[in-house]
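this one's structure only:
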């Protein structure tokens, strides 16, 4: 399983409300989450499609032997059933989670 990452390429910092609106427009239920530095999630999967959009800090995701680091503005798409791990970076991470049945 390969992680589907969309990197932030704009020169300005991401606008949290604009990211939220885009997720809502795509049919996701959206909520904001914060993990403190070093917080870890062991291997797990979700029964729904999920999209995570980093607002501040960084997050490390692993799946299928691959790891990616997400930074502000980067977005990760996790189709339902994707087994993955996650770990917050050294300064913690704030992100939007979109869930869609």
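It's in. As the structure is a computational prediction, the values presented were derived from the model and not from experiment.

Can you tell me who the most centrally placed residue in the chain pairs with across the strands?
Nearest to the geometric centre of the chain sits residue 52, at 2.5 Å (CA atoms, centre = their mean). On the basis of DSSP bridges, residue 52 is bridged to residue 76, residue 97.

For it, which residues are in contact?
Applying CB atoms under 8 Å, 6 or more residues apart in numbering, we find residue 52 in contact with 59, 70, 75-76, 78, 95-98. The way it works is simple: take the backbone N, C-alpha and C, and place the C-beta from them, glycine included.

The same query, at a cut-off of 6 Å, please.
By CB atoms under 6 Å, 6 or more residues apart in numbering, the contact set of residue 52 is 76, 95, 97.

In a markdown table: the residues you listed, plus pLDDT and distance to residue 64.
Below are those laid out as a markdown table (pLDDT from 0 to 100; distance: CB to CB, whole Å):
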| residue | pLDDT | distance to residue 64 |
| --- | --- | --- |
| 76 | 96 | 14 |
| 95 | 98 | 21 |
| 97 | 98 | 21 |
